[in-house]
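J.: fold the following for me, if possible:
(one chain, ligands or ions: 1)
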Amino acid sequence: MKKSWKLLSVMMVVALFILAGCGNNGNNAGGSNAAAGEGGLAAIKERGKLQVGVKFDTKLFGLKDPSSGQVEGFDIDISKAIAKHILGDENAIELKEVTSKTRIPMLNNGEIDMVVATMTITEERKKEVDFSDVYFQAGQSLLVKKGSPVKGLADITKDSTVLGSKGSTSVKNIKEKVPGVTVLEFDNYQDAFTALKTGKGDALTTDDSILYGMAAQDPNYEVVGEPFTDEPYGIAVQKGNSEVVKAINDTLAELKSSGEYDKIYEKWIGKAPAK
Ligand code: GLU
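T.: Alright, predicted model coming up:
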């Protein structure tokens, strides 16, 4: 009897060790060993396909055409270049929809290898993910209905209602710039734009680059005032995934030196990037 108890406790200790080991290997969200697991370079090559989180509702950066099913934009072209660099084929790619709110959780639970989705590099986000070099410079601005009394940030007061997207820097920034302002937060930018069109707010706020895309979708709306923040976009990967960050940065450097970056920029933004 005594002997079997001893055997049982030894077995339990062994089982606990095994379980603890599995937990560590399987859980990349903590970030210590991402390179060895999901989203690592070896895993991407083995799969033969790059899984990228992009926006599906953001004209100019990542917009899904409902009739063709194609997703197109600046972020998509950058993603294809990364797939070409890593896998030798720009079509070895699977685009998955993310929103400002879902992109970090989807990355850290291994659904995607990277986020290429109008995402600003911030100190707060750096605690959860690693970023590539800056690949686009935006700034926060305001979109209003043409003829609106709102002509810029100075016209937004604590009595204004501003519309934004959950999980975006824009929502946080506007609350800091205009204490007491009412901010209605939506799951994505198309819902926020619909809310603006149905008169739910005085202005919609996010990056100027995204707002120009909305103004192009509906000419009754315009971007007003000067950008009032800096929003440097970076590509996010799981923490500790330095091989993939290097592959992305190498791709960006190649795109810049070959002139391809400028071509992609002009194709979507309609002008040359500021040097
Ligand atoms: N660039 C800003 C951000 O990362 C706003 C755009 C967005 O929500 O994706 O939060």
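
J.: for the residue in the stretch 101-250 of the chain that the ligand sits nearest to, grab the count of nearby residues.
T.: Here the stretch 101-250 of the chain gets closest to the ligand at one residue, Ser168, 3.2 Å apart by C-beta to the nearest ligand atom. Just so you know, the C-beta spots here come from the backbone N, C-alpha and C atoms, and that holds for glycine as well. Neighbour count of Ser168, defined by other C-beta atoms under 10 Å: 26.

J.: so what's it closest to, chain neighbours aside?
T.: Ser100 (4.3 Å; C-beta to C-beta, 6 or more residues apart in numbering).

J.: contacts only, for that neighbour.
T.: For Ser100, the contact set (C-beta atoms under 8 Å, 6 or more residues apart in numbering) comprises Ala117, Met119, Ser165, Lys166, Gly167, Ser168, Asn188.

J.: list only buried entries from these.
T.: Ala117, Met119, Ser165, Gly167, Ser168, Asn188 (16 or more other C-beta atoms under 10 Å).

J.: in JSON lines: those residues, plus pLDDT.
T.: Listed next are the buried ones among the contacts of Ser100 as JSON lines, based on pLDDT from 0 to 100:
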{"residue": "Ala117", "pLDDT": "98"}
{"residue": "Met119", "pLDDT": "98"}
{"residue": "Ser165", "pLDDT": "97"}
{"residue": "Gly167", "pLDDT": "97"}
{"residue": "Ser168", "pLDDT": "98"}
{"residue": "Asn188", "pLDDT": "96"}
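
J.: biggest separation within those residues, which pair?
T.: Using C-beta to C-beta, the buried ones among the contacts of Ser100 span at most 14.1 Å, a distance reached by Met119 and Asn188.

J.: contact residues of the stretch 1-150 of the chain facing the ligand?
T.: The stretch 1-150 of the chain comes close to the ligand at residues Ser100, Thr118, Met119, Thr120, as judged by C-beta under 6 Å from any ligand atom.
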